[in-house]
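1. Model the following, please.
(one chain, ligands or ions: 3)
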Amino acid sequence: MTDIIDISQTLGQGLPVWPGDTAFESKPVWQIDGDCPVTVSKLTLSTHSGSHADAPCHYDPEGADMAAVDVQAYIGPCLIVDVSGQKGPVMWEHVAEDLESISGPLERVLFRTFRTFPHDHWRSDFRAIDAGLITALVARGCLLIGTDAPSLDPEESKELPAHNAVREAGMAILEGLVLDQVMPGTYELIAPPLKIEKADASPVRALLRKIGKNENTE
Ligand SMILES: Nc1ccccc1C(=O)C[C@H](N)C(=O)O
Ligand SMILES: [Zn+2]
Ligand SMILES: [Zn+2]
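-> Ligands and ions are numbered 1, 2, ... in the order given. Next up is the predicted model:
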């Protein structure tokens with residue numbers, strides 16, 4: 001039985017995207033036929049398509065692009081926390097008990113906010129992460145915050161408090177993860193972004209490897 005869990009959305013036609021953003025499209029430029037030995041396609045997509053990493057330049061005009069971020073943040077031990085039973089923004093008090101039970105540094109934390117991930121429709125009412133929770137995670141040595149929601153902040157937010165708390169701490173961000181089949185617990189995260197110059201985000205193939213004591217570890 002594999003110890004790898006794929007927590008990535010599938011990028012394909014009809015992928016739900018941020019209202020007004022670029023729809024995902026894959027079109028062949030060459031196709032295998034009598035004269036042509038290969039198929040080569042052209043992808044058209046938003047940098048924030050599906051499961052993706054934000055680059056600092058997405059929310060900070062002076063921020064680094066995707067080619068300049070430290071890839072180490074996206075690989076290493078992580079904690080999966082299930083907050084799908086609560087409503088509204090994810091607050092420190094919702095997760096204090098889970099996190100305080102973990103001794104040592106909490107380098108990466110991924111939050112499951114959906115009971116069932118909306119693979120085929122956009123959910124504008126997704127749950128944001130409260131900026132105070134991010135500040136509390138930074139105090140615990142957190143390098144990366146991840147969520148199954150398409151953003152850390154509410155869809156209509158203009159102030160982006162959560163992204164700004166991340167900016168101040170220099171944390172890494174993963175959004176659009178698929179966590180509804182994952183038991184809470186400790187795993188190894190493997191989710192490096194593509195090295196794209198001038199990009200404000202990059203799709204990732206996000207994977208978890210079972211390592212720690214989880215309810216589902218044999
Ligand atoms: N595509 C967009 C278009 C306009 C405003 C936001 C988005 C986002 O995708 C949000 C992004 N995922 C974020 O990091 O919050
Ligand atoms: Zn994003
Ligand atoms: Zn974001």
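2. Which residues of the chain lie near ligand 2?
-> For the chain, the contact set with ligand 2 under C-beta under 5 Å from the ion comprises 48, 54, 175, 201. Using the backbone N, CA and C atoms, a C-beta is placed for each residue, glycine as well.
3. again, only this time at 8 Å
-> Applying C-beta under 8 Å from the ion, we find that the chain lies next to ligand 2 at 47-48, 52-54, 58, 150-151, 173, 175-176, 201.
4. what subset of those is also close to ligand 1?
-> Subset of the residues of the chain next to ligand 2 in contact with ligand 1: 48, 54, 58, 150-151, 175, counting by C-beta under 6 Å from any ligand atom.
5. Most widely separated two among those?
-> His58 and Pro150 (12.8 Å; C-beta to C-beta).
6. any idea which helix or strand of the protein has the worst average confidence?
-> helix 92-100 (a mean of 93; mean pLDDT, DSSP states H and E).
7. ok, residues contacting it?
-> 79, 81, 83, 86, 106, 109, 111, 130, 132-133, 136-137, 140, 184 (C-beta atoms under 8 Å, 6 or more residues apart in numbering).
8. again, 10 Å this time
-> Helix 92-100 is touched from outside by 79-83, 85-88, 106, 109, 111, 130, 132-137, 140, 142, 184, with contacts defined as C-beta atoms under 10 Å, 6 or more residues apart in numbering.
9. chain center to that helix, what's the gap?
-> 20 Å (C-alpha atoms, centre = their mean, to the nearest Å).
10. likewise stretch 10-17?
-> For stretch 10-17 - counting by C-alpha atoms, centre = their mean - the centre lies 16 Å from the chain centre.
11. One more: stretch 66-77?
-> The answer for stretch 66-77 is 13 Å, by C-alpha atoms, centre = their mean.
12. Kindly report the same for stretch 157-171.
-> Worked out by C-alpha atoms, centre = their mean, stretch 157-171 lies 15 Å from the chain centre.
13. now stretch 126-143
-> 14 Å.
14. Could you give me the PyMOL selection string for whichever of the contacts of helix 92-100 are buried?
-> Applying 16 or more other C-beta atoms under 10 Å to the contacts of helix 92-100, the buried members can be selected in PyMOL as follows:
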select buried, resi 79+80+81+82+83+106+109+111+130+133+134+136+137+142+184
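15. Just the contacts of helix 92-100: which are in helices?
-> If you go by DSSP state H, the contacts of helix 92-100 have 132-137 in helices.
16. Looking at those, which is nearest ligand 1?
-> Ile134 (13.3 Å; C-beta to the nearest ligand atom).
17. and stretch 61-80, which residues are buried?
-> 63, 65-66, 69, 73-74, 77-80.
18. Kind regards, and thank you for your time.
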